[in-house]
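Chemist: Just need the structure, nothing else, for what follows:
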Amino acid sequence: HFFKSGIVDWAFAERPEPVIYCVLGNGQLVSVTYDREQRVVGFGRHQIAGGHVESVAVVPSAEPGFDDVYLVVRREINGQTKRYIEVLERPFDGDTDDVEDGFFVDCGLSYDGSPISIVTGLDHLEGEEVAVLADGGVVDGLTVSSGSITLPYAASKIHVGLRYKSRGVTLPMAGPQQDGTLFGRRRTVQSVFADVLYSGSLMVGSAGGDGVEPRLYEQIFKPQSLLFGNKVSLVSGDVHCKIEGSWVRGDGKIVFETDKPLPLLVRALTFQLEGEP
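Modeler: Prediction:
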């Protein structure tokens, strides 16, 4: 159903991975990752925070090995219709990037210089509540007023923009049991191990099979009171995730997401699963 509204614009980015970006008539942006050599075809939906995408274009980046994806995005800002030209940030690389380099906001700007606590030049987000990463620390609850925000501490590398949510839901679990398969049986996930790479936040929970939003638990990010003015420590490896399983809800599916301005890369999910006899 991705394409029910029809494609109004599209562009192909070859580097670092071959991806086709499609703009739909309803303002959504979807992508198709296509790697014929690796036999990879995958669809993705890109939720642009508060925005209606109108067009897309791809040009070679000044950084070797990358193509830049440009979007025209329509938004309602401070009661007025605005159109912005925005570019997708390149993927975070924990081997070369530090946490304070991570740019995980929409319609955002960055500052890099002498430590400051008052960030100006944010007129394009007037009246909007913004997400902030300041020297690798997460700052919540700030709203742009008169084109500026005031941080609770001075920082030298700052990213400010609209918060967005990255969300994934696994398919229903299937596999063998001693007396058959899991197909057609109720099942519950008792625990989950998430293999992550250079990640700062991860929410995990059972998927709601009855239309009720599941309760998600933060698995990596520490409370803000412990992080005030300190950068987040990124985690790599297996994370034992606390979840609430249920025979009634979930069908063995797991939700994993983050809305923090921090990197998250899930390499694998390992389930401890129980199915009914």
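Chemist: From now on I want contacts and neighbour counts done on CA atoms only, so please keep to that.
Modeler: Noted.
Chemist: what ranges do the strands span in the stretch 51-200 of the chain?
Modeler: Using DSSP state E, counting those that start in this stretch, the strands of the stretch 51-200 of the chain run over residues 51-60, 67-77, 80-87, 106-119, 129-134, 137-143, 149-162, 166-169, 176-177, 180-181, 187-199.
Chemist: how many degrees apart are the fourth one and strand 80-87 in direction?
Modeler: Between strand 106-119 and strand 80-87, the angle comes out at 100 degrees (axes from the mean of the first three to the mean of the last three CA atoms, to 10 degrees).
Chemist: And for the second one?
Modeler: Here the directions of strand 67-77 and strand 80-87 differ by 170 degrees (the same axes, to 10 degrees).
Chemist: What residues sit buried inside strand 67-77?
Modeler: Going by neighbour count (16 or more other CA atoms under 10 Å), the buried part of strand 67-77 is 67-75, 77.
Chemist: what's it packed up against?
Modeler: strand 7-13, strand 51-60, strand 80-87 (3 or more CA pairs under 8 Å, 6 or more residues apart in numbering; DSSP states H and E).
Chemist: just those: most buried one?
Modeler: Highest mean neighbour count of those: strand 51-60, a mean of 19 (counted as mean count of other CA atoms under 10 Å).
Chemist: What is that strand packed up against?
Modeler: Short answer (3+ CA pairs under 8 Å, 6+ apart): strand 51-60 packs on strand 7-13, strand 19-24, strand 67-77.
Chemist: So what are the sheet partners of the last one and their directions?
Modeler: Strands flanking strand 67-77 in the sheet, each with its direction: strand 51-60 (antiparallel), strand 80-87 (antiparallel) (DSSP bridges).
Chemist: ok, and what's touching it?
Modeler: Strand 67-77 has contacts (CA atoms under 8 Å, 6 or more residues apart in numbering) with 13-16, 50-61, 81-90, 124-128.
Chemist: Kindly report the same for the first one.
Modeler: Counting by CA under 8 Å, 6+ apart, strand 7-13 makes contact with 18-25, 54-58, 67-69, all of which sit outside it.
Chemist: nearest to Lys242, of those?
Modeler: Nearest to Lys242, judged by CA to CA, of the contacts of strand 7-13 is Val19 at 34.2 Å.
Chemist: In this structure that closest one contacts Val30, no?
Modeler: No - taking contacts as CA atoms under 8 Å, Val19 lies outside contact range of Val30: 10.1 Å.
Chemist: CA-only coordinates of stretch 155-162 in CSV, if you can.
Modeler: The C-alpha atoms that make up stretch 155-162 are tabulated as CSV, following Å, rounded to 0.1, in the frame of the first residue of the first chain:
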residue,chain,number,x,y,z
ALA,A,155,28.5,23.4,24.3
SER,A,156,30.8,23.7,21.3
LYS,A,157,29.2,21.2,18.9
ILE,A,158,25.4,21.4,18.8
HIS,A,159,22.7,20.0,16.5
VAL,A,160,19.2,21.4,16.7
GLY,A,161,16.1,20.2,14.8
LEU,A,162,12.7,18.5,14.9
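Chemist: chain center to it: distance?
Modeler: 17 Å (CA atoms, centre = their mean, to the nearest Å).
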